[in-house]
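A.B. asks: Sequence first, then the predicted structure:
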Amino acid sequence: MEIKNVAVIGAGTMGAGIAQVCAQAGWKTTLFDAYPEGLEKGMNSIDSFWEKGISRGKTTQEQKEKWASNIHPTMDLITAVKDADMVIEAVPEILEIKTKIFHVLGEETKEDCILGTNTSSLSITDIAAASGRPERVIGMHFFNPVPIMNLLELVKHDLCSDTTILLAKEAGKIMGKTTILVKDVPGFATSRLGVVLGNEAIRMLADGVASASDIDTAMKLGYKHPMGPLELSDLVGLDVRKDILNNLAESFSDESYRPHPLLEKLVEKGDLGKKTNKGIYNWNNGVKSERDDLPFL
């Protein structure tokens, strides 16, 4: 099967980024969101990214116009998915929402349509079961910002077909991503490692071992990480990190995975990271600076 039409469900940060790379891959891309403000924000985000590329000389106006012609926003879910060769869901990390969407996808998409979920920690098996055709469902875990990050983590469950895996790998290649294939276990590979490192970095910050920027610098220069674990946590979203840690703790019956109290307090305060302009760092117009009020345990 050749992929020509793609639908992306959810126009948030991840969904908009996924729709952007799909459009750049040359596919007709339908971006769905249930809320007009969300759809408008997602489309504006894509346009802004392209405009920045033009201003920096990385892309041209002609490229932007070509890519933009491939994206079609809609608030009608059935219209978005009925002709799709591949659907990628990117709604919030709430299992009940995802399973409801996949129930619809199982009924309204073509029989050979690939159904991907961008979850970073939820059970692919549970999501796939809701579709009624689990053999066509696969985890497609992208990374933020999607147009820049090269990794695509593909997650297979026991009923996922070899054909689905091969098509997902090929789709990733066309999008310019390097794919890895992992089993459907809590946290997969990347989230499990990433949140544990981030949680320990937050513990070190709370214990006064070093400042946030020095902890991050230690990992960047000492271990060649492109971004420190605390800055990365702010970029991903502290609420997302908290949810993944709690999911790991419950899945493995291991309390050592529980989010550190400082992480809990930051989320309670609404300091969720870059998206709220404050998290472990202050963020002013996308520029981070050290907070002088942490830790506040």
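C.D. replies: Yep, it's here. Numbering: from 1, shown residues only.
A.B. asks: and the nearest residue to residue 290 once chain neighbours are set aside, how many neighbours?
C.D. replies: Leaving aside its chain neighbours, residue 290 sits nearest to residue 213 (5.6 Å; criterion: C-beta to C-beta, 6 or more residues apart in numbering). To be clear about C-beta, it is placed using only N, CA and C from the backbone, and glycine gets the same treatment. Neighbourhood size, residue 213 [other C-beta atoms under 10 Å]: 16.
A.B. asks: same check, this time on residue 249
C.D. replies: With other C-beta under 10 Å as criterion, residue 249 counts 16.
A.B. asks: Quick one: residues contacting it.
C.D. replies: Shown in contact with residue 249 (C-beta atoms under 8 Å, 6 or more residues apart in numbering): 255-258.
A.B. asks: I'd like the residues you listed written out as JSON lines, with pLDDT and secondary structure added.
C.D. replies: As requested, those are exported to JSON lines (pLDDT from 0 to 100; DSSP: H, G, I helix; E, B strand; the rest coil):
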{"residue": "255", "pLDDT": "96", "secondary structure": "helix"}
{"residue": "256", "pLDDT": "94", "secondary structure": "helix"}
{"residue": "257", "pLDDT": "96", "secondary structure": "helix"}
{"residue": "258", "pLDDT": "97", "secondary structure": "coil"}
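A.B. asks: For ChimeraX, what selects the buried ones among those?
C.D. replies: Here is the ChimeraX selection string for the buried members of the contacts of residue 249, based on 16 or more other C-beta atoms under 10 Å:
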select :257,258
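A.B. asks: quick one: residue 243 and residue 121 touch, right?
C.D. replies: Yes - contact criterion C-beta atoms under 8 Å: residue 243 and residue 121 qualify, at 7.1 Å.
A.B. asks: so what's in contact with these two at the same time?
C.D. replies: Joint contacts of residue 243 and residue 121 (C-beta under 8 Å, 6+ apart) are residue 93.
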